[in-house]
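Chemist: any chance you can model this:
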Amino acid sequence: MSMAPIHFTDMQRLMDRAYQRRQALNIKAWRTDGHVVEYRGWYVHHQHWRGGYVRLRNPVNRELRLVPEIFIFEINGKRVYL
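Modeler: As a prediction, this is how the structure comes out:
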């Protein structure tokens with residue numbers, strides 16, 4: 001049984017709340033080559049709404065990844081639609 005899908009703007013709000021509250025997220029996103037990348041328990045390090053990117057931080061080794069928001073198709077088990 002899957003959770004109800006959420007709209008893209010709701011995903012942005014959820015990431016903004018996670019950033020403000022320092023909460024970990026589980027995100028699945030596509031790479032530019034079409035492969036799927038899963039970020040389990042990563043934190044939002046910085047969010048740039050106008051640029052359309054979110055910077056994620058790995059809590060284990062503090063590695064940073066810049067992910068285009070449009071490539072995110074699942075967040076915390078919820079499908080994202082446009």
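
Chemist: against which helices or strands is the helix or strand hosting Asp10 packed?
Modeler: Element membership for Asp10, per DSSP states H and E: helix 8-21. Using 3 or more C-beta pairs under 8 Å, 6 or more residues apart in numbering; DSSP states H and E, the elements in contact with helix 8-21 are strand 25-30, strand 36-48, strand 72-75, strand 78-81. From N, CA and C alone the C-beta is placed, and that goes for glycine too.

Chemist: what is the residue most central in space within the chain paired to in the beta sheet?
Modeler: Central residue of the chain (C-alpha atoms, centre = their mean): Ile27, 4.7 Å from the mean position. Here Ile27 shows beta-bridge partners Tyr39, Ile75, assigned using DSSP bridges.

Chemist: lowest mean pLDDT among the helices and strands, pick that one out for the chain.
Modeler: strand 36-48 (a mean of 91; mean pLDDT, DSSP states H and E).

Chemist: what's that strand in contact with?
Modeler: If you take C-beta atoms under 8 Å, 6 or more residues apart in numbering as the criterion, strand 36-48 is touched by 12, 15-16, 18-19, 22-31, 54-59, 64-65, 67.

Chemist: where does this structure dip in pLDDT?
Modeler: Applying pLDDT under 70 to the chain flags residues 1-2, 47-50.

Chemist: hmm, 50 instead?
Modeler: 1 (pLDDT under 50).

Chemist: host element of Val67?
Modeler: Going by DSSP H and E, Val67 is part of strand 64-68.

Chemist: relative to strand 25-30, how tilted is that strand?
Modeler: If you take axes from the mean of the first three to the mean of the last three C-alpha atoms, to 10 degrees, strand 64-68 sits at 60 degrees to strand 25-30.

Chemist: listing partners with orientation, what would you give for strand 64-68?
Modeler: Using DSSP bridges, the strands paired with strand 64-68 are strand 53-57 (antiparallel).

Chemist: what lies in contact with the partner strand?
Modeler: By C-beta under 8 Å, 6+ apart, strand 53-57 touches 15, 25, 27, 39, 42-48, 63-69, 72.

Chemist: list the contacts of the residue nearest to the centre of the chain.
Modeler: Going by C-beta under 8 Å, 6+ apart, Ile27 touches 38-39, 42, 56, 67, 72, 74-75.
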